[in-house]
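1. Sharing a model that was predicted from the sequence below.
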Amino acid sequence: MNKLIDNFGREISYLRVSITDRCNYRCIYCQSEKKFEFIPHQEILRFEEIVEIVQEAVNLGITNVRITGGEPLVRKGVVDFIKKLREIKKLEDISLTTNGFFLSEYAEKLKDAGLNRVNISLDSLQEEKYKKITRGGNLEKVLKGIDFALKENLLPIKINTVLIKGINDNEVDDFVKLTLKRPLNIRFIEFMPSGEEVINEFENKFISVQEIKEKLIKKYLLKPIKISTANGPAKYFQIKGGEGTIGFITALSQHFCKTCNRIRLTSEGKLRPCLFSNKEVDIKQAIRNAKTDDKIIRSKIIRNDIGEAISIKPEGHKLNKKFSNREFFKMSKIGG
Ligand code: SAM
C-alpha cells in the first residue's frame, strides 16, 4: 500500500475537504459581522472534481477524509457526493464536521450514503448564549440533531467546543456532565486567531485548554483513554463510569505539528498543507487549465500537485497566544 511521507517523516493519511465557504451561521470567532463576500459558484470546486482529487489522494496513501465548510450541509447534492466518495476503494473513513442545524433531517440519509461519523460544533448549552455566539443559531434543533446522529450510529460523535474566555468557560462542567450519560466525546478547543475582526478581540478572549484541564483534574478522576478514530490532535480522558469522553485540543498553547498527518483542500480548490501557513497549491487551476478528459493526463496533474503540497508542508507553525501576525486565515474559506 502506498504511503505519503513528507520531508519531516510524517505520514500524511488525512485529507480535510471544504465543500463550501457558505454557512447558515456566523459564529463570532469564525466570521465577521459585516456582509460577507462569498466565493463565486464557478470558483468553487465541483463535486466531480473533488471526487477525482480524493480518488488520486487515496491512490497515493490518504485513508481518511473529513468533509467540512462553511457548513457542508448547506451545499446541494452533499448526500450523493458522499455516495460517490464511498465508492472509492481503500478510503477507510469518511467523516463530516457540521454545526448540527440540519442533522435531524440529514442523519439517516448521510448514514445510508456511507458516512461513518460526525463532529458537531456546540459552544454553549444555554439557548440565549448559543444564539449570541452563533449569531442566530437554534440550540434546540442542534440538540435534536445530536439525538439523530446517535440514533444513526454516526459514531464516535465528537462535540467541538471552542473555549472563549468570559463567554462560555463557565459552562465547562455542564459539557463534562454530558459525557456521564451519553456516548459523546466533548472536545475543548483553543480559540484560534482567524479573521481580522476576530484577531482584534483575540488576546483577551483566549483561554488555554491546559488551564481548563488542570481545573478538571482537581475535580474529577480523569482516566486517559484511546478512542477508535483518535489519530488527530486531541488527547482523551474519561470520568469513571462515564459513557463518553473529554478531549483537549491545544492548537496554540502546545503545538501538535510533529504528529500532524493532514492536508486540506479548500472550497476554491487549493491544496493547503498547514492551516496556519499561506502556502497553497492551486490544484483546481491545474486541472481546469489542462482542458482534457484524458484520465491519465488528469491523474498525473493531480498526483503532481498533491506531491507538491506535501513537499511544502512546513515543519510547524509559529502561532501562539501572543498572536501578532496580521496574515490571518479565514476558517470558513479554508475549512476548519
Ligand atoms: N460549519 C461546520 C461547523 O460549524 O462545525 C464546519 C466548519 S467550522 C469552520 C469547523 C470548526 O472550526 C468548528 O468546530 C469551529 O468551532 C472551528 N473554528 C472556527 N473558527 C475557529 C477559531 N477561531 N478558533 C477555534 N476553532 C474555530
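-> Great, that's in hand. Predicted model only: the values in this text are computed from it and were never measured.
2. packing partners for the host helix or strand of I296?
-> Under DSSP states H and E, the secondary-structure element containing I296 is helix 295-311. Under the contact criterion of 3 or more Cβ pairs under 8 Å, 6 or more residues apart in numbering; DSSP states H and E, the helices and strands touching helix 295-311 comprise helix 47-60, strand 262-265, strand 270-272, strand 281-282, helix 283-290. C-beta coordinates here come from the backbone N, C-alpha and C atoms, glycine included.
3. Redo these as a markdown table? Include mean pLDDT and mean neighbour count.
-> As requested, these are exported to a markdown table (pLDDT from 0 to 100; neighbours: other Cβ atoms under 10 Å):
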| stretch | mean pLDDT | mean neighbour count |
| --- | --- | --- |
| helix 47-60 | 98 | 19 |
| strand 262-265 | 97 | 24 |
| strand 270-272 | 97 | 24 |
| strand 281-282 | 98 | 19 |
| helix 283-290 | 97 | 17 |
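4. mind giving me CSV with these and columns for distance to the ligand?
-> Supplementary listing: these in CSV, determined by distance: least, Cβ to the nearest ligand atom, whole Å:
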stretch, distance to the ligand
helix 47-60, 16
strand 262-265, 11
strand 270-272, 14
strand 281-282, 21
helix 283-290, 20
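5. for this protein, what spans make up the strands?
-> When assigned using DSSP state E, the strands of the chain occupy the ranges 14-18, 64-68, 93-98, 117-121, 157-163, 184-190, 222-225, 235-239, 245-249, 262-265, 270-272, 281-282.
6. Reformat these into JSON lines and put distance to D294 next to each item.
-> JSON lines is the format used below for the strands of the chain (distance: least, Cβ to Cβ, whole Å):
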{"stretch": "strand 14-18", "distance to D294": "24"}
{"stretch": "strand 64-68", "distance to D294": "25"}
{"stretch": "strand 93-98", "distance to D294": "28"}
{"stretch": "strand 117-121", "distance to D294": "36"}
{"stretch": "strand 157-163", "distance to D294": "41"}
{"stretch": "strand 184-190", "distance to D294": "43"}
{"stretch": "strand 222-225", "distance to D294": "49"}
{"stretch": "strand 235-239", "distance to D294": "46"}
{"stretch": "strand 245-249", "distance to D294": "43"}
{"stretch": "strand 262-265", "distance to D294": "22"}
{"stretch": "strand 270-272", "distance to D294": "21"}
{"stretch": "strand 281-282", "distance to D294": "20"}
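7. Can you check which of those gets nearest to N7?
-> The stretch from those with the least distance to N7 (Cβ to Cβ) is strand 262-265; that distance is 13.3 Å.
8. mind listing what that closest one pairs with, with the direction of each?
-> On the basis of DSSP bridges, the sheet neighbours of strand 262-265 come out as strand 14-18 (parallel), strand 270-272 (antiparallel).
9. of all the strands of the chain, which lies closest to D6?
-> Ranking the strands of the chain by distance to D6, with Cβ to Cβ as the measure, places strand 262-265 first at 9.0 Å.
10. Output that closest one as PDB - backbone C-alpha positions only.
-> Extracted in PDB, the C-alpha atoms of strand 262-265 (Å, rounded to 0.1, in the frame of the first residue of the first chain):
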ATOM      1  CA  ARG A 262      -3.200  16.100   7.400                       C
ATOM      2  CA  ILE A 263      -3.600  18.300   4.400                       C
ATOM      3  CA  ARG A 264      -6.600  20.400   3.300                       C
ATOM      4  CA  LEU A 265      -8.400  21.000   0.100                       C
END
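11. need the residues of this protein near the ligand, please.
-> Residues of the chain lying close to the ligand (Cβ under 6 Å from any ligand atom) are 23, 29-30, 68-69, 71, 97-99, 121, 160, 162, 189, 191-192, 194, 198, 331-332, 336.
12. can we see that at 8 Å?
-> By the criterion of Cβ under 8 Å from any ligand atom, the positions of the chain lying close to the ligand are 18, 23, 25, 27, 29-30, 68-72, 97-100, 119-121, 123, 160-162, 189-195, 198, 251, 331-332, 335-336.
13. Restricted to buried residues, select those residues in PyMOL.
-> Only the buried entries of the residues of the chain next to the ligand go into this PyMOL selection, using 16 or more other Cβ atoms under 10 Å:
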select buried, resi 18+23+25+27+29+30+68+69+70+71+72+97+98+99+100+119+120+121+123+160+161+162+189+190+191+192+193+194+195+198+251+331+332+335+336
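14. The stretch 51-200 of the chain: helices as residue ranges?
-> When secondary structure is read from DSSP state H, counting those that start in this stretch, the stretch 51-200 of the chain shows helices at 78-86, 103-113, 127-134, 139-151, 172-181, 196-205.
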